[in-house]
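> can you look at this prediction? I've put the sequence above it.
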Amino acid sequence: MTYYGGQELAESFRTVRTNTIRIAEEIPEESYSFRPSPDSRSIGQTLAHIAMVTAFQTYVHENQIDSLAKVNFPEYIQKSRAEEESLRSKAEIIAALKADGDKFARFLESLPESVLSQSVAMMPGAQPAAKSRLEMLMSAKEHEMHHRGQLMVMQRMLGMTPHLTRQMQERMARQAQAAQAAAAR
C-alpha cells in the first residue's frame, strides 16, 4: 500500500493549477505578450503551454503506453504546438487552464495503485531506463511549477508582486502583530 496515490496526486495538482490560474488572472492581458528575452516564451505562450502540457501524460497513461519509443514525438509535438498557438486571448488561455486542469485532476483521481505502479520504458538510452506511471504523472505537476516560477519572475519584471509572496508577507505581518500584542501584555 502506498500513501500517495491518485487522490493525493489530483489534490496536489489542483493546488498547483489554482495558483497558476491566479497568476494568469492577475497579469493584465496587455502584458501577455511580454517576454524576458527574445528567445523566451511570452507570458501568454507560457500559460498556453501549461494549459496543454498535461495532455501528453493523459495520452500516455490513458492509452496504457508501456514504452515512450512507441510515441511518434514529432507528430505529437506538432499537434501540441498547434493547440498552444490556437489559444490567443487571456480569456481563452484561462478557460483552457481551468478545463484542462479539471480534466487532468479527474483523470488522476481515477487511477488505482495497480496502474500507478506500472513501469513505462523511457526512450532508448535514457537514464533511468524506466519510470513508474506515478513518477511520470508527478512530473506534470513539477513541470507546471517550473513554468509557474518563470511566470512569477516575469510578474516581478513587470513590477507586480506575485500572490504567493503577498500571502506570505500577510502571514508574517500577522505573526509580528501577534508577537507585539503578546509582548505588550
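Cool, the structure landed. Residues are numbered from 1 along each chain as shown.
> what are the ranges of the helices in this structure?
Secondary structure of the chain (DSSP state H): helices located at 6-26, 43-62, 73-86, 90-109, 113-116, 133-157, 163-184.
> list the buried ones in the first one?
Yep, that's helix 6-26 we're talking about. Buried residues in helix 6-26, counting neighbours by 16 or more other Cβ atoms under 10 Å, are found at 6, 9-10, 13-14, 16-17, 19-21, 23-24. C-beta here means a position set from N, CA and C on the backbone, and glycine is covered the same way.
> hang on, the earlier thing: let's have the helices of the chain in JSON lines, adding mean pLDDT and distance to Ala126.
Shown next, in JSON lines, are the helices of the chain (pLDDT from 0 to 100; distance: least, Cβ to Cβ, whole Å):
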{"stretch": "helix 6-26", "mean pLDDT": "97", "distance to Ala126": "23"}
{"stretch": "helix 43-62", "mean pLDDT": "96", "distance to Ala126": "14"}
{"stretch": "helix 73-86", "mean pLDDT": "95", "distance to Ala126": "13"}
{"stretch": "helix 90-109", "mean pLDDT": "98", "distance to Ala126": "24"}
{"stretch": "helix 113-116", "mean pLDDT": "95", "distance to Ala126": "20"}
{"stretch": "helix 133-157", "mean pLDDT": "97", "distance to Ala126": "12"}
{"stretch": "helix 163-184", "mean pLDDT": "95", "distance to Ala126": "33"}
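> pick the most buried one from those.
Here the criterion is mean neighbour count by mean count of other Cβ atoms under 10 Å, and of those the winner is helix 43-62, at a mean of 21.
> between it and helix 133-157, what angle do the directions make?
Angle, helix 43-62 to helix 133-157, by axes from the mean of the first three to the mean of the last three Cα atoms, to 10 degrees: 180 degrees.
> which strands and helices sit next to helix 43-62?
helix 6-26, helix 73-86, helix 90-109, helix 133-157 (3 or more Cβ pairs under 8 Å, 6 or more residues apart in numbering; DSSP states H and E).
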